[in-house]
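Enquirer: Sequence and predicted structure below; questions after.
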Protein chains: 2
Amino acid sequence: MHSVWITLLLFCPAIVFTGNVLVFPVDGSHWVNMKIIVEELHSRGHSISVVRTTDSWYIKEHSPFYTAITLNMESGFDEGFITVFISKLLEIQRNGRSSWARFKLEMEQMEAASIMHKKGSQLIEQMFDDKHLMESLRDAKFDMVLTDPVILTGVMVARHLDLPLVFNVRWTCHGEGHFSIAPSPLSYVPVPGTELSDRMSFRERVLNIFAYCFSQFTLAHYVTPYYDGLMQKYFSQDSFMSLFQRADLWLMRIDFVFEFPRPTMPNVIYMGGFQCKPAKPLPQHLEDFVQSSGEHGVIVMSLGTFIASLPQEVSEEIAAAFAKLPQKVIWRHKGEPPASLGNNTLLVDWMPQNDLLGHAKTKVFVAHGGTNGVQEAIYHGVPILGLPLVFDQHDNLFKIKYRGAGKILNIFTINSESFLQGIEEVIHEPSYKMNMERLSRLHRDLPMKPLDHAIFWIEYIIRNKGAAHLRSESYTMPWYSYHSVDVILLLLGVALIMLLTFVVLVKTLCFCVCRGIKRKRD
Amino acid sequence: MHSVWITLLLFCPAIVFTGNVLVFPVDGSHWVNMKIIVEELHSRGHSISVVRTTDSWYIKEHSPFYTAITLNMESGFDEGFITVFISKLLEIQRNGRSSWARFKLEMEQMEAASIMHKKGSQLIEQMFDDKHLMESLRDAKFDMVLTDPVILTGVMVARHLDLPLVFNVRWTCHGEGHFSIAPSPLSYVPVPGTELSDRMSFRERVLNIFAYCFSQFTLAHYVTPYYDGLMQKYFSQDSFMSLFQRADLWLMRIDFVFEFPRPTMPNVIYMGGFQCKPAKPLPQHLEDFVQSSGEHGVIVMSLGTFIASLPQEVSEEIAAAFAKLPQKVIWRHKGEPPASLGNNTLLVDWMPQNDLLGHAKTKVFVAHGGTNGVQEAIYHGVPILGLPLVFDQHDNLFKIKYRGAGKILNIFTINSESFLQGIEEVIHEPSYKMNMERLSRLHRDLPMKPLDHAIFWIEYIIRNKGAAHLRSESYTMPWYSYHSVDVILLLLGVALIMLLTFVVLVKTLCFCVCRGIKRKRD
């Protein structure tokens, strides 16, 4: 028996290195991303505990992949308000109301989103006050915390328990993740939401700086105030930003086929497209439908989780346009089927999106521009007709358009003709397909699959108990030291003193000489 | 026959992707690094042409790995002056002469080194004027240029022929490579040569800024002037720096086990330790000698290529110290054997350094601190007793000392006792070994071997005809735009105008009100 164990230990090094991982996910579509990593970690023998709240939408209590730690609290996560916000936004735009109305609505939405932080901070406080819970987390001897830092729970618990911290990240609660750790010159690093590239005109650079200032304002106004109490009580040594900056590893859900080149740090690992995989065969009825398109091929349309049902008049315009096409259409659509629906269009509640995008007959993807959908389209080389709505969707699609791999239409103003024209352009103008295929080639040309890469680095953190040697500790410096303001002031001071001394010397000299001349004259 | 070719093409994708690479190496120890990559590329079926001059020291005309393109010109590369410089330096220090003498000597050395740039620029001009040569380079249809950018030849030829450019790099002619492309805040990125870490005191940060200014001065004084003519004649569109910044890929000969964490860019690939490999068995006589050390183990000493022979009195002190040790010593030594040599010390002309460092009996490496030796010591986990002399050696060894994996002695002032004490400390204090083994573990914990990683990315450049999407084009901006000076001036201007308008308005208002009151009174 003894030798069996030795053999196991020798030939199954994976068993020796398996870790105990505490996961703090964000509910909703973010969980879709986290789940992939959780399942992969589980398949490699790691033990996973996922923290969820009783009101969780997506994160199930029972799973073969993880043990749930269910908190009898409210997460504050509310997908409802996003749906309501989108409906209001559509209404404002369709009715041609003023920009002021839109601005007001967006401010309202920001206010509503900030509630998430209020509830989030309450949740953290409740957790920290629950001595029994914190004791059990401590006793579980986790190797690391894996979290999505849109919400701070995982970040603060990791700090509290002094555990290595890994992010599954693109956004933090204060914007795009890179801005927190990499020096990002605003002259060529566009602020998210601006729809700018890394090559900006003077006007665009002015806009970019304004956008940055605005993002700092929203952070100071809608986010940090909710955490002030917590910071004082538990983290008086830390600044709000430093809680993020001390993460050992940032697993970024992008790559540089999607993102514009920008400065990065040694502890940022790019795993863009980690969720992508080769297409599996379609269910028979879908395969039959797709094959029936013949040489014309198929159009796939999905506007993501939040916007399954569009206002009826928008759906009608789109359906009417689809009906005029020789292609077949598969449309993820909820609600009343449009009256103008053609025979060539199949409405579905849910679709195997990855398998459809990977199908040889798929010609174009009509999408809202969520990161996952865009990454899947890049992976499979399918050009995009974009109908962005909110959040980062405009920016994501702008990046695709900038590379000539897609076209953007305004969902608020489209009609049957403009939509038809747009979709025909993407299908028939070969540059869209060619450019997307180029992106796809570049995206797949990696030494390692993105998911394997991400898992390697998570296991690295487990094996090495963090990665302090990859993390810059510059965040522990006060801002004036980080920007060398103190040194510059010293040098300026010295220069000033030298100048003054010089001036005084010259004056004294002049005075003496003048007096000498005067005496001589006298 | 036809089907055989199809089979070959289908199953040997490597054949399809092999490239035609033009290599511009730097002679001397830098060639040792480049040769490893050239041989590896050759073994993967790529066709390599290496440019050399008739006076080349290391780069042979005939090689099974590459075709030499021999230029009937002088490279300007002169190892002799380095050897002379080191001897003079040793003499100054041993005789306890003033710091001023040392400073003067270092300035002389800088002047001498600048001759290399003078000759280098002449070599480029000669090449460009040789229509036949340039035509043949053009006709050869190279896929990319691989070069070591300490000398500009490859950089300028790549620009002239408009070819993708890959660097095998740590230094460029204007200092550490990162400073050319990654935003490097001087508050936590130490300037090479300062022996500073990423955590600096106020005094150290002042020093770091001075060091940076000095490096800019030497660049402007000893390097760029030699290229002014060339720049005007051939590259009037480019700035000197932009020639480097347009490189597609920077294969950096470091990693973050060695380097302190600092900002980086997406087109920087770290291949530190790419030259390291498991130890091969030693030749029988060496193995016998090593084994004869018993439990005490072996000390390996080498001061690199340039300093095979030390001044006799230094050698005597070191030999006398070695003679008192129970360990066996293998010392790479040229010149007269020291009279104080013990029986336990074997002098050799050349040694299989990697195999010796990888031997289980090796206890300590006495080294000058060249990057290659330090990387090999990290790879094999052997602590270092450092005797730095010139260039980056002080800095390299400082990094090892900072991590507790080695000790530094001043070769200019050591005597038998201090050397003995130092070496006994490194052997008997277990933290040195433990820390170096930790570095070794971290260094080896990579998803891919550094050399394979480097080759993957070279082949990536061949396959994709460059990597423009990984390269920031920010270098094409004028400095005031890069640093947003123009935007800041505009915003300040607007603020000033607003302030002035406000002041004028208030004054006018006051004036009107006052006049009104006055009239009322009157």
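Expert: Received, thanks.
Enquirer: list the buried ones in stretch A:388-407?
Expert: A:388-401, A:403-407 (16 or more other Cβ atoms under 10 Å in any protein chain shown). C-betas here are computed from N, CA, C, even on glycine.
Enquirer: Next, count neighbours for the residue in the stretch 1-150 of chain A that chain B sits nearest to.
Expert: Nearest to chain B in the stretch 1-150 of chain A, going by Cβ to the nearest Cβ, is residue A:17, at a distance of 10.7 Å. If you count neighbours by other Cβ atoms under 10 Å in any protein chain shown, residue A:17 ends up with 15.
Enquirer: again, but for residue A:328
Expert: Neighbourhood size, residue A:328 [other Cβ under 10 Å]: 24.
Enquirer: right, and the residue of the stretch 1-150 of chain A closest to chain B touches residue A:461 too?
Expert: No. With contact defined as Cβ atoms under 8 Å, residue A:17 does not reach residue A:461; the gap is 11.3 Å.
Enquirer: ok but residue A:69 is inside a strand, no?
Expert: Yes. The assignment for residue A:69 is a strand, going by DSSP: H, G, I helix; E, B strand; the rest coil.
Enquirer: any idea how far the longest helix seen in chain A is from the chain center?
Expert: In terms of residue count, the longest helix belonging to chain A (DSSP state H) is helix A:485-521. Its chain's C-alpha centre and that of helix A:485-521 lie 58 Å apart, by Cα atoms, centre = their mean, to the nearest Å.
Enquirer: how about that helix: buried residues?
Expert: The neighbour-count check on helix A:485-521 (16+ other Cβ under 10 Å) flags A:486, A:487 as buried.
Enquirer: Give me the nearest residue to residue A:302, chain neighbours excluded.
Expert: The spatially closest residue to residue A:302, leaving aside those adjacent along the chain, is residue A:332, at 4.0 Å (Cβ to Cβ, 6 or more residues apart in numbering or on different chains).
Enquirer: Spit out the contact partners of the one you found.
Expert: Applying Cβ atoms under 8 Å, 6 or more residues apart in numbering or on different chains to residue A:332 gives the contacts A:301, A:302, A:303, A:308, A:347, A:348, A:349, A:350, A:351, A:353.
Enquirer: any weak-confidence spans in the stretch 1-150 of chain A?
Expert: Where the stretch 1-150 of chain A drops to pLDDT under 70, the residues are A:1-16, A:76-81.
Enquirer: tell me the SS of the nearest residue in space to residue A:25 that is not next to it in sequence?
Expert: Nearest non-adjacent residue to residue A:25, counting by Cβ to Cβ, 6+ apart: residue A:34, 4.1 Å away. Of the three states, residue A:34 takes helix under three-state DSSP.
Enquirer: ok, residue A:34 to residue A:59 distance?
Expert: With distances taken as Cβ to Cβ, to the nearest Å, residue A:34 is found 9 Å from residue A:59.
Enquirer: higher neighbour count, the two?
Expert: Comparing residue A:34 with residue A:59 by neighbour count (other Cβ under 10 Å), the higher total belongs to residue A:59, at 24 against 21.
Enquirer: Is the more buried one in a helix, a strand, or coil?
Expert: Per three-state DSSP, the secondary structure class of residue A:59 is coil.
Enquirer: so what's it up against?
Expert: Counting by Cβ under 8 Å, 6+ apart, residue A:59 has contacts A:25, A:27, A:31, A:50, A:52, A:68.
Enquirer: Also residue A:146?
Expert: Residue A:146 is in contact with A:21, A:22, A:23, A:24, A:34, A:37, A:154, A:166, A:167, A:168, A:458, counting by Cβ under 8 Å, 6+ apart.
Enquirer: how many neighbours does residue A:171 have?
Expert: As a burial measure, residue A:171 scores 18 neighbours (other Cβ under 10 Å).
Enquirer: Distance-wise, check it relative to residue A:287.
Expert: Residue A:171 is 37 Å from residue A:287, where distance means Cβ to Cβ.
Enquirer: now residue A:58
Expert: Here the criterion is Cβ to Cβ. By it, residue A:58 lies 29 Å from residue A:287.
Enquirer: Which one of those two is surrounded by more residues?
Expert: Per other Cβ under 10 Å, whichever of residue A:58 and residue A:287 has more neighbours is residue A:58, with 18 against 14.
Enquirer: these two touch, right, the more buried one and residue A:33?
Expert: No. Look at residue A:58 against residue A:33 with Cβ under 8 Å: they stay out of range, at 11.1 Å.
Enquirer: how about residue A:241, what does it touch?
Expert: Shown in contact with residue A:241 (Cβ under 8 Å, 6+ apart): A:174, A:180, A:475.
Enquirer: helix, strand or coil for it?
Expert: For residue A:241, the assignment made with three-state DSSP gives helix.
Enquirer: Distance-wise, check the closest residue in space to residue A:358 that isn't next to it in sequence relative to chain B.
Expert: Once flanking residues are discounted, residue A:358 sits nearest to residue A:279: 2.5 Å by Cβ to Cβ, 6+ apart. Taking Cβ to the nearest Cβ, to the nearest Å as the measure, residue A:279 falls 22 Å from chain B.
Enquirer: which residues does residue A:279 contact?
Expert: Residues counted as contacts of residue A:279 (Cβ under 8 Å, 6+ apart) are A:354, A:355, A:356, A:357, A:358, A:359, A:380.
Enquirer: Repeat the analysis, applying 10 Å as the threshold.
Expert: A:352-360, A:362, A:376, A:379-380 (Cβ atoms under 10 Å, 6 or more residues apart in numbering or on different chains).
Enquirer: cool, and residue A:436?
Expert: For residue A:436, the contact set (Cβ under 10 Å, 6+ apart) comprises A:364-365, A:377-378, A:380-384, A:400, A:403-406, A:426.
Enquirer: residues near residue A:216, how many?
Expert: 13.
Enquirer: Just confirm it contacts residue A:186, I think it does.
Expert: No. Counting by Cβ atoms under 10 Å, residue A:216 sits too far from residue A:186 to count as a contact (11.6 Å).
Enquirer: separation between residue A:101 and residue A:413?
Expert: 15 Å.
Enquirer: Look up how far residue A:271 lies from the spatially most central residue of chain A.
Expert: The geometric centre of chain A, computed from its C-alpha atoms, lies nearest to residue A:170 (Cα atoms, centre = their mean), at 2.9 Å. Residue A:170 sits at a distance of 10 Å from residue A:271 (criterion: Cβ to Cβ).
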